[in-house]
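In: pasted the sequence and its predicted model underneath.
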Amino acid sequence: MTYLVRSLILFFLFYPCGTAKADDYPSRPVTMIVPFSAGGPGDVIARILGNAMSATLKQSIVIENVVGAGGTLGTNRVAKAAPDGYTLLLMHVGQATAPALYAKLPFDPVSDFAMIGLVTDVPMILVARPNFPAKDLGEMIARIRSEGDKMTFGNVGLGSASQLCGLMFMSTTDTKLSQIYYKGGGPALNDVIAGHIDVYCDPATGPTPYIQSKTIKGYAITSRTRVATLPDVPTSAEAGVPEFNVTTWYGLYAPHGTPKPIVDHLVGALQTALKDPALISRFAELSMAPVEIERATPQALETFLKAEISKWGRIIKAAGIEPQ
C-alpha cells in the first residue's frame, strides 16, 4: 500500500510538469549535433535543414560540430544528452556501420535514440586533384593499377561515407590506394584541391561547387542518372563500373526517452521542412533531394536503420575489417 501511494504521489507531481514542458516546446534554441567538421557534407545538410525546421519550431537551431572517432563522439554526446528535445543528431550511414567497426561502442545505434526520420539519400562522387592525369574513370583505374598503392585516397575515418565508398571502389575495380585519414570532409576536400591527395570519394553535397568551378575533377557519380547540376559527370554505370554503387543517407535523431509529444512535433517540423521549396532548391543545387515524406517518420527510419546495420555488417566482415 505504501508503494502504491508513493507511486501515485510521484505520478501527480511530475506528470503535469512533463506535459507542460511538451506543450510549450521549444521554449529556447535547439542544438543539432553534427559529428563531423564544418564545411563537410553533413554540416551543409544540417545548416539547410536547421534553417528550414526553425521556421516551424519558431526557435533557432544551432549547429554544433563534434568531431572524432568516425562520428561516434558526437553521436555518443546525443545518446547521453537529456531527453528533452533540445539536443538532436544528424547522422549519416555511419550510424549503421558503427556496430561492425567498433568493439566497444559506447551507445546502441537503435535503442539509445528516439527516431525522428530520414532526411535525404545522397549519391557519392569520385573526384581527383585538379591535375590528375586521366580523362575518364577508365584511365584513372588503369593509372592506379600501374602505380600500385603509391596513389593516395582521402578517408574521413572509420565508418565514414568516404571509407565505405573507397572500400567499394577498390573492391569493384580491383585496385589499391594508400589511405590518408582526415577528421572531416572539409579538410579532405581542401587537400584534394591543393593536390596533396590523389583521389577522394565524397557525398555530392561537398564536391559539387568545386567540380562546377573546375577546381577539382569529377569522374563518376553513384546515382542512377546524371544530375542536373553536374551534367558532364557520368554515372558509375556509364563510366563502365556499374557495381560501384553506393549512396549515403542521413537521419535525424533525439535521445532515447524523449517524450512522444516532442518527437511528434519534431517529426512535423522535419516533414514541413522537406516540403519547403527553398530547401528543395538548395538540395538540388548540391545534387541531392529530400526523401519521400513517408520515409521521414520514426518507423521508417528505425526499419531502414536495422536493415542497414545488417547489410553493412556483412560487407565490412567480408572486407576483413576487424572492429577496433
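Out: That came in fine, so what should we check first? Residues are numbered from 1 along each chain as shown.
In: please make it C-alpha for all contacts and neighbour counts, starting now.
Out: Fine.
In: who touches stretch 78-86?
Out: Identification of contacts with stretch 78-86 by CA atoms under 8 Å, 6 or more residues apart in numbering yields 25-26, 29-31, 33, 87-89, 107, 112-113, 254-259, 262-263.
In: please apply the same query to stretch 36-53.
Out: 32, 34, 60-63, 65-68, 71, 74, 90-92, 183-186, 202-206, 269-270, 272-274, 276, 279, 282.
In: and with 6 Å instead?
Out: 61, 65, 67, 184-186, 205-206, 269, 273 (CA atoms under 6 Å, 6 or more residues apart in numbering).
In: before we move on, the earlier item: tell me the buried residues within the contacts of stretch 78-86.
Out: Using 16 or more other CA atoms under 10 Å as the burial test, these include 25-26, 30-31, 33, 87-89, 107, 112-113, 254-256, 258-259, 262-263 as buried.
In: give me the buried positions along stretch 101-115.
Out: 101-102, 107, 109-110, 112-115.
In: tell me the one of those residues nearest residue 125?
Out: residue 101 (23.4 Å; CA to CA).
In: now do that closest one, the pLDDT please.
Out: With respect to pLDDT, residue 101 scores 92.
In: secondary structure class for the closest residue to residue 284 other than its chain neighbours?
Out: Closest residue in space to residue 284, ignoring its immediate chain neighbours: residue 229 at 7.5 Å, by CA to CA, 6 or more residues apart in numbering. Look at residue 229: counting by DSSP: H, G, I helix; E, B strand; the rest coil, its state is coil.
In: okay, now residue 229: neighbour count?
Out: Other residues lying near residue 229 total 16 when counted by other CA atoms under 10 Å.
In: who's in contact with residue 218?
Out: Counting by CA under 6 Å, 6+ apart, residue 218 makes contact with residue 127.
In: bridging residues for it?
Out: Counting by DSSP bridges, residue 218 forms beta bridges with residue 127.
In: just the pLDDT for the residue nearest to residue 284.
Out: 88.
In: what's the separation between it and residue 95?
Out: Using CA to CA, to the nearest Å, we find residue 229 at a distance of 28 Å from residue 95.
In: what are the phi and psi values for the residue nearest the centre of the chain?
Out: By CA atoms, centre = their mean, the chain has its centre lying nearest to residue 92, at 2.3 Å. In terms of degrees, to the nearest 10, the main-chain angles of residue 92 are phi -90, psi -160.
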